[in-house]
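> Here is my input, please return the structure:
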Amino acid sequence: MPGNEILALFMFVAFIALVFTGFPVAWLLAGLAIFFTALAIVLEVDFGIPIGVDWNYASIAVERVWNVMENWVMVALPMFIFMGLLLDRSGIANRLMTSFARIFGRVNGGLAITVTVIGVMLAATTGIIGASVVLLALLGLPTMLENGYDKKLAAGTVCAVGTLGILIPPSIMLVLMADRMAMSVGDLFLGAVFPGLLLSSLYIIYLLVYGAVRPELAPRIKNQMTFNLTDLVELAKAIVPPTLLIVAVLGSIFFGLATPTEAAGVGAAGALALAAVYGSLNLKVLKEVSRETTKTTAFIFGILIGATAFSLVLRGLGGDELIERALLGLPFGATGIVITILVLTFILGFFLDWIELTLIILPLVAPVVISLGFDPIWFTVLFAVCLQTSFLTPPVGFAIFYLKGVAPPGIDAFTIYRGVIPFILLQLIGLTAIFHWEALVTWLPAQAYS
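Numbers count the residues shown, from 1 in each chain. Just a heads-up that it's a prediction; the model follows:
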């Protein structure tokens, strides 16, 4: 193996190892890019080992970062984040919880199904995992526990449903993937619709079966009153506003009426209007949401800058050729190579966040998959579904940490770990279905151009 490829291997291994130090990932990525550039220069100048990476090459990172920053698609990120954070403070989820509980509460597992349905609607309006998990935990977890639900089931439901926002459009992960892959955000949004609905349907089926088999651990709501016309009117009042916002944002993209950036602006304006209508919009809320939006956006772009420098140096050291040869050299055939990538991604998800996997791993493996003749939209969505499991797998399962931070007494980390296992298996079942039925991803984008 040439010296530059050995450096590339060490660079990648060093990143995975240093993640466990808890040091900010953005600085790790940028620091490793600088360190291995300096090391390459020392090896070439002092030891005569040809590497091909120097400061002139590394300076290209400035141009790469500029290209990222002037990409108009990335403007959608802060506006989608702003929309999600503001909607979490508008009281929509609380109204939905009350209304849906009257419908589903009369069946075993109904409260967990209520949390799932609300989670799907939040996913289609917010797309922010931390906010969704915390909100669902505060609204649904105490209610489920008060009605005698098994702690593991209640915790697992909140964690798993809260992660749907990373897949169901408008997803900030899909926006980043589209930028990294030079693809249309609208195509990815369309491709992710059915997979997102498939996962949520699997959750609901599991909860219905669980309630039927173990009714004592997922009981009906105690003293449930008869559902009447007034309840139906209240349900309509709770559902219509977020539904209109979803249609305004996603519909404008799907029907070609607006770009994702323009649709994000519509979403942010719609979230402001809903917050004002519900009486939750004031200067304090606006300042808090704006501050949190700025922090989240800065965090993402900080990692994006570090990942740009890291990826540039890794490619200069021959990392992409090394990965390509390693994958194409596998004795599994084209399908086996894709399965290997997904398995490795699933394993890396135990240790790395979705942002690092999106910005570093996806651009390295996607060209190999596309060269094998697979549809890029299908593989990217498949990769996204695989990444969703990273929020639930320990030790770096962020949804678990979010829930633990707001969980009531009696819900410890071990209970949450045990609770998410069935949902991880359901996600893998959904991933398998998408792998075997490519039309789940490709059919809707194809209709947009027919």
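> burial measure for residue 75, as a count.
18 (other CB atoms under 10 Å). No exception for glycine: its C-beta is placed from N, CA and C like everyone else's.
> Against residue 167, how distant is it?
Computed as CB to CB, to the nearest Å, the residue 75 to residue 167 distance reads 22 Å.
> quick one: the helices in the stretch 1-150 of the chain?
3-19, 25-47, 55-58, 60-69, 76-88, 92-104, 110-123, 129-146 (DSSP state H, counting those that start in this stretch).
> what's the spacing between the one helix or strand residue 384 maps to and its chain's center?
Taking DSSP states H and E as the criterion, residue 384 maps to helix 376-388. Counting by CA atoms, centre = their mean, to the nearest Å, helix 376-388 is centred 11 Å from the centre of its parent chain.
> Helix 129-146 and the very next helix or strand once past it, what's the angle between them?
Using DSSP H and E, the next helix or strand after helix 376-388 towards the C-terminus is helix 398-406. Calculated by axes from the mean of the first three to the mean of the last three CA atoms, to 10 degrees, helix 398-406 forms an angle of 60 degrees with helix 129-146.
> just checking, what packs against helix 398-406?
If you count contacts as 3 or more CB pairs under 8 Å, 6 or more residues apart in numbering; DSSP states H and E, helix 398-406 packs onto helix 129-146, helix 151-162, helix 413-436.
> Not counting its own residues, what contacts that helix?
For helix 398-406, the external contacting residues (CB atoms under 8 Å, 6 or more residues apart in numbering) are 129-130, 133-134, 137-138, 141, 155, 158-160, 162-163, 353, 391-392, 394, 411-413, 416-417, 420.
> hey, least reliable of the helices of the stretch 1-150 of the chain by pLDDT?
Between these, the one with the least mean pLDDT is helix 92-104; it has a mean of 76.
> which secondary structure elements does that one contact?
Using 3+ CB pairs under 8 Å, 6+ apart, helix 92-104 sits against helix 110-123, helix 129-146, helix 229-246.
> Name the residues of it that are buried.
Within helix 92-104, the residues scored as buried using 16 or more other CB atoms under 10 Å are 92-93, 95-104.
> Can you give me the buried ones in the longest helix anywhere in the chain?
Secondary structure of the chain per DSSP state H: the longest helix is helix 283-316. By neighbour count with 16+ other CB under 10 Å, helix 283-316 contains the buried residues 289, 292-293, 296-297, 300-316.
> Find the nearest non-adjacent residue to residue 312, please.
residue 61 (5.0 Å; CB to CB, 6 or more residues apart in numbering).
> count of residues packed around the one you found?
21.
> what residues are up against it?
If you count contacts by CB under 8 Å, 6+ apart, then residue 61 has 33, 308-309, 312-313 around it.
> now do residue 187
178, 377, 445, 448.
> Filter those residues down to just the buried residues.
Buried, going by 16+ other CB under 10 Å: 178, 377, 445, out of the contacts of residue 187.
> Quick check: next helix or strand after the one helix or strand the first one maps to?
Remark: residue 178 resides in helix 172-181, with elements defined by DSSP H and E. For helix 172-181, the succeeding helix or strand toward the C-terminus, using DSSP H and E, is helix 185-213.
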